[in-house]
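Q: quick one: sequence and predicted model below, then my questions.
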Amino acid sequence: MELFLIFTIVGSPLIAFLMIALLPHRLKRIAPLLSISFIFLSFLSSLLFFLKHPQIQETPFEVQWTWLQANRNLSFNVGFLMDRLNLLMLFVVSLVSFFVQVFSVAYMADEGRGQSRYFAFLSLFSFAMINLVASNNLLQTFIFWELVGLASYLLIGFWYQKPSATEASRKAFVVTRLGDLGFYLAVALLTLHLGNLNFSALNSPEAIQSLSGGMITLVTLLIFTGVMGKSAQFPLHIWLPDAMEGPTPVSALIHSATMVAAGVFLTARNYALFSASSISMETILIFGTLTAFVGATLATIQNDIKKILAYSTISQLGMMMMALGAGSFEAGMFHLTTHAFFKSLLFLASGALIHHFHTNDIWEMAQKGSRSQVLTLLVIAVGGLSLAGIFPFAGFWSKDLILEALEHKPVFHAAALLVSFFTSYYVFRLLFILYFRSETPHAHEEHHESSLLTFCMNFPLISLAVGSLIVGFMGTDLMHHKLLKFISPEAEGKLSIELMMTGTGIAVLGLAVAYWNYLKRKIQPPITATGFRRVLEKKYFMDDLFEKVFGRMVLAFSAFLNWFDKQMVNGKMVNGTAWSTLRLGALLTKVQSGELQDYLMIVFVIASAVIYFLVK
Amino acid sequence: MHFGILTSILLCPVIGMILILFTPRKSEQAIKIISLIVSGISVFLSFIAYNRFDPSNVLLQMEEKISWLPQYGINYWNGVDGLNIGMILLTSIVIFTGVIVSWKLNYRVKEFFALLLFLVTGVFGVFMTLNLFFFFLFYEVAVLPMYLLIAIWGSTNKEYAALKLTIYLLLGSAFMFAIFLAIYSLAGAHTFDLMTIKDKVTFDPAFQKIAYIGLFLGCGVLAGCWPFHVWSPDGHVAAPTAVSMLHAGVLMKLGAYGIIRVALFLFPQAAQAWAPFTATLATFNILYGALVATQQRDLKYVIGYSSVSHMGIVLLGISTLTVTGLNGALFQMFSHGIMTALFFACVGHIYDECHTRFFDELGGLAHKIPILSTFFIIAGLTGLGLPGLSGFPSELLVLIAAIKTYPISGIATAIGVVVTTFYVVSAIMKAFYGPLNKNFEHIKDIDLWQYFGRGILVAFLIILGVWPKLFLNLVNPITTYLLLKGF
Amino acid sequence: MTLQNLIFIILSVTTLAAAVMAVSFKKVIYNAFSLMLCLGGIAGIFFLLSSEFLAVMEIIVYVGAIAIAIIFAIMFSPPHFMHQPERNWPKTVRSIAISAFFFATLYKVLTTTPWGMSTTQEADFSIQHLGKILLGIYTLPFEVISIILFIAILGALLMARKREAHE
Amino acid sequence: MSESLIAYLLLSGTLAAIGVYGFLERRNLIGILISIELILNAASINFLAFNKFVSPDKGLGQAIVLLIIGLAAAEATLALSIILVLYRGMTSINIEEANHLKG
């Protein structure tokens, strides 16, 4: 029964994918239905699994089979592990996927033929993501890690007619693969040194003892490069803002809630291993802080609503990594969960706006009368307040937990507070522009969507808004830390009132600055200082560094090699040999005058000479 | 000797060729159907052989031995073990799909299919024979039709490419044959029977060293070993679709197979001594091929250089001299064979429809030929080692083996994967995505028949990617046995 | 000096002089006549070598047939056929040098080789003996030469035939 | 002198050398043919001389010379017809113009 449930959980999106891919042309219209029902099935199964095994915390459920036999002693397995971490992620992934897919029905209604492709890819993504979190070993995780990357690539480039979209998809794929290079090597190294990649074995004290300290650091850092790629950590974050070229629900699902959080999940999954190396933990903390800061500051100057959210995602992922680096595994995971809800909510809401106004620019939206979209603005407010960490929204609780984890590291704590300030600033900037700078819409007739589509659009928004509220409270004293305890039984989750006050204070400060800047225009916040602003506009030169310096260096080297291949290897060596052979032949033909008597002379001379000198 | 299944596989294309020669030139459809049937039969027989093959038995199976010139130790001796059963299967699959892909050919159909089947005879022969003389003979049979096939039915600088390819391959075979003769006379084997030599003769270490590197380079030319790779991109580009498929898909594997079957078999100590050198060459292959591929503007050249890069992985796997590496190399041979055949099958259709392969002129093809684009993307994803497709397990195995023996090569392999990602994705972007070129409004996607042909290849990529045991179970016992025994 | 020696010297000188003329005159017809003279001298040498029959054959076949055929070929030809190019002196010098070297080689071989002289001196050069051996042990060469002659004549006819149809 | 082998051999050698000279120098094909006849005759003289002074079998040399004469006849006919054909082909019998084999 367990096995059956697990197979239902991990397999149903695959079935949806295959069915959609193989559907005959006429039936392609039912693709959304298939996709949605199968992902819901997956969600239900994981719920059922949880209900059947409420004690999963104590006794994880694990199954595995041999997948690949490398040699006599080494084999790779496929298997599934069900413990609290997986189940939490399964819930998050399947639930968010479900809502996003429902939303997509409305959002992608005009796509026509592309719709089935879209839902096929979404199902593929859900399949890969669910397997990623359900897998019981590092290699399988890596496999699905790559597959989610593929799905992300396909979905970012969904509108493949748009050169910018394909460019962005390529960037996303290549940059994440660059990060995965480290992950790949880590898998190979761990295979060599441990021979068993199961998470339970990897994180067991014996394994950690058997590896040398340097090796643990090396391996964890290598894994972390993969995490950096996938979870958009500085400096490999550059692909995520570009990835916003994809359809908005895709951004909601992949590039905010699930896939980009996979890195955080992976780190949490191997937390024992990571904890064994203090260098790695420090590195994670530093990179997390950098990411959080870079993301938050960059978000403050964006005018594209999706870019704001993308940078915000980067920044929040940085926060999660900070929590993990600081040693608070549950804070990171808790923030991941709340973030998944409120960020996908924000993205979907922005999708609703984009769908309605046909623009990404917040100023243009305001001009066209964004104020009229009451429901959407309401949910954006819920999500935004949550993101900014305003009491009592979800983000408040999780962010406080992170701040608490950072308490003993003053530098990082200060940095986190700074990040919260910027976060609150850009959130309120967004809200103020959308609501208060909005002009009254012209009296043009609203084009009415069918009620089904309206429902498809509104239902996920409302559900996610409610969900994100509930999820936040689940980590609090009010609900006895249900979620926290679920993540980690030892979690205490005590929130000190001072920290709460500081956090809120910082958020309010951000609100105030945004208020002054965008409503009153009284003071110029430091952000507009020209030098810094230019740096921000250049995105901290990271894109340039990668594309112009790094990319061009590689390409120039390739061009050199290409030249070398064409000119030296092929030209000088190969064609040169051929040419000299031909020249030699041409030289020798000179001897062949074609005149009989010349040949005869040679014959006579040589014959005579041979005889003359041979005869004694 | 029971029913000689290997000989039957070998004779299938020969019979087909003879039948084609007796078919009137006008009835092109009949010629194609004959080719399809004989290649279909060879696929069927290969599967029977695969089915009858017992992987746990590390000895030769289904042996067939006919004395031919016993005085000189030249015997017609066929047999399969884990090393070549997969290659025979690969050959039959690729020729079958190659015939399907060539269905629309209409220029000198009779000669084309006759030569194609002749070529395949040679390839089958090399893979199944256990006699060095026949090895050489079949090799030549495989190489020579290639010249005509490329020079007559090819495109883009075809005479040059055909000549270059032929000279290169003959040079490689000259190396090989010189070593074979040295084994025969200098080393005092006095027979060409591989197994007899292996069992009875002990080679002088100095001779081993020379002979191994000679064989490695001789076979390496065929396997596209750097710096003897330059024939392969040109040859692949110039060749007609089916020949490119066979060539990159099967013929390059023939070189790697030769290295394993002859060089490693006979000179294991020398292999050990030369391993750092060969691993270095292989590393060059991987990175160099991948980096050069990023600079190509012709779709086929990209694939040509990607083959160089991927064959580097095979060579690296062999150079590690570990079970894992060898398994990976063999798996990569099979996987790359199918993948690259699919690549060329796709590009062939694009060229037929668009009459160009340059990125500058292509673009947006996914609008018009979605199915073909999907196939191409699947092949590309296999090339960049995406899990779930067969390229991943093979690269993983080689990587694991290499990172232990030659860490730098291992890291280079991993970097090669990233570069491969870059050029594959760029190629997809430039050729299939973006706005559609107006000239290509009329182009058509593949029909059901062609869909079937390429679908077979896709199915293999996916099946092996998801369930690599199917292939690894074949090779694992023999590689384990060979390496434990020290060959 | 015996009479035989005298005859030999005269014959040799005549032969060699005629041979030199046969190769050196620019007009082909003179060459042909010199050749006839030379062949006559050789027939005399044959006579001295006590092969009367061959001497006769030499006269009949060579002088009577081949040389005549050559002269006929010359005479039947159109005038410009016999175009006389200027002597190419470098080539002449080269040829003389090579033939001198050739002769030197021959001379060296001839003088340094110890020729085992035959012990039996009774000569049987009679035509009867020749006829016997030709139809006895040397039948095969005899037949072969007749076939060769036959084929040569056929070939010559075939080649010399005018092929208008082909034009 | 007429009874010494070497005298005949030298005579034939000289004759052959003259033939070789003609063969190499003449540009006229008929001239070359004449030179060949000289060389053949030199060979014949050699055979007969050896037959007389060295060989125990007195018939053999004569038989061979007979063969040579036969061959010479055959050769002459063929050569003349070849000259004829060559002339038809290039309206010249100058051998220096028959250089189509020139590389």
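A: Thanks, I have it. Residues are numbered from 1 along each chain as shown, chains lettered A, B, ... in the order given.
Q: longest helix in the chain, by number of residues?
A: No chain specified, so I'll use chain A. helix A:163-193 (DSSP state H).
Q: my question was about chain D, not that one.
A: helix D:58-90.
Q: check the offset of that one from the chain's centre.
A: A distance of 9 Å separates the centroid of the chain from that of helix D:58-90, by CA atoms, centre = their mean, to the nearest Å.
Q: hmm, that helix touching chain A?
A: No - shown here: helix D:58-90 not in contact with chain A (CB under 8 Å from any CB of the partner chain), separated by at least 11.4 Å. In this view, the C-beta of every residue, glycine as well, is placed from N, C-alpha and C.
Q: so where do the helices sit in chain C?
A: Under DSSP H, chain C gives helices at C:3-24, C:28-48, C:52-57, C:67-75, C:89-112, C:127-135, C:139-160.
Q: to what extent is the closest residue to chain C within the stretch 251-400 of chain B buried, counted in neighbours?
A: In the stretch 251-400 of chain B, the residue that lies nearest chain C is residue B:355 (46.0 Å; CB to the nearest CB). Residue B:355: 12 surrounding residues under other CB atoms under 10 Å in any protein chain shown.
Q: likewise residue A:409?
A: For residue A:409, using other CB under 10 Å, the count is 18.
Q: and the closest residue in space to it that isn't next to it in sequence, what pLDDT?
A: Leaving aside its sequence neighbours, residue A:409 sits nearest to residue A:326 (CB to CB, 6 or more residues apart in numbering or on different chains; 6.2 Å). Listed pLDDT for residue A:326 reads 85.
Q: again, but for residue B:254
A: 88.
Q: same check on the one 4 residues further on?
A: For residue B:258, the model assigns a pLDDT of 90.
Q: quick check: it vs residue B:62, distance?
A: The gap separating residue B:258 from residue B:62 is 21 Å, by CB to CB, to the nearest Å.
Q: same check, this time on residue B:294
A: 44 Å.
Q: still on that earlier bit, who's more crowded, residue B:258 and residue B:62?
A: A direct count of neighbours by other CB under 10 Å for residue B:258 and residue B:62 places residue B:258 higher, at 26 against 21.
Q: what sits closest to the more buried one if chain neighbours are left out?
A: That would be residue B:219: by CB to CB, 6+ apart, it lies 3.7 Å from residue B:258.
Q: confirm for me that that neighbour is in contact with residue B:264.
A: No - contact between residue B:219 and residue B:264 fails when scored by CB atoms under 8 Å: they sit 10.4 Å apart.
Q: higher neighbour count, those two?
A: Higher neighbour count among residue B:219 and residue B:264: residue B:219, with 27 against 22, using other CB under 10 Å.
Q: what strand or helix carries that one?
A: Assigned by DSSP states H and E, residue B:219 falls within helix B:205-223.
Q: CA atoms of that helix as PDB?
A: Provided in PDB are the C-alpha atoms of helix B:205-223 (Å, rounded to 0.1, in the frame of the first residue of the first chain):
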ATOM      1  CA  PRO B 205      57.400  -5.800 -22.900                       C
ATOM      2  CA  ALA B 206      59.300  -3.600 -25.400                       C
ATOM      3  CA  PHE B 207      57.300  -5.000 -28.300                       C
ATOM      4  CA  GLN B 208      54.100  -4.500 -26.300                       C
ATOM      5  CA  LYS B 209      54.900  -0.900 -25.800                       C
ATOM      6  CA  ILE B 210      55.400  -0.100 -29.400                       C
ATOM      7  CA  ALA B 211      52.600  -2.300 -30.600                       C
ATOM      8  CA  TYR B 212      50.100  -0.900 -28.200                       C
ATOM      9  CA  ILE B 213      50.600   2.700 -29.100                       C
ATOM     10  CA  GLY B 214      50.700   1.800 -32.800                       C
ATOM     11  CA  LEU B 215      47.300   0.100 -32.400                       C
ATOM     12  CA  PHE B 216      46.000   2.800 -30.200                       C
ATOM     13  CA  LEU B 217      46.800   5.400 -32.800                       C
ATOM     14  CA  GLY B 218      45.700   3.300 -35.700                       C
ATOM     15  CA  CYS B 219      42.300   2.600 -34.200                       C
ATOM     16  CA  GLY B 220      42.300   6.000 -32.600                       C
ATOM     17  CA  VAL B 221      42.300   7.600 -36.100                       C
ATOM     18  CA  LEU B 222      39.000   5.900 -36.600                       C
ATOM     19  CA  ALA B 223      37.800   6.800 -33.200                       C
END
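Q: hmm, who's touching the next helix-or-strand element following it?
A: As assigned by DSSP H and E, the chain's next helix or strand after helix B:205-223 is helix B:231-238. Defining contact as CB atoms under 8 Å, 6 or more residues apart in numbering or on different chains, one finds that helix B:231-238 is touched by A:570, A:574, B:146, B:150, B:154-158, B:160-162, B:164-165, B:167-169, B:221, B:224, B:244, B:247-248, B:252, B:298, B:300-301, B:303-305, B:307-308, B:344.
Q: next, the buried residues of helix B:231-238.
A: If you call a residue buried by 16 or more other CB atoms under 10 Å in any protein chain shown, then helix B:231-238 has these buried ones: B:231, B:232, B:233, B:234, B:235, B:236, B:237, B:238.
Q: now these as CSV including pLDDT?
A: Output for the buried residues of helix B:231-238, formatted as CSV (pLDDT from 0 to 100):
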residue, pLDDT
B:231, 86
B:232, 85
B:233, 85
B:234, 86
B:235, 86
B:236, 86
B:237, 86
B:238, 87
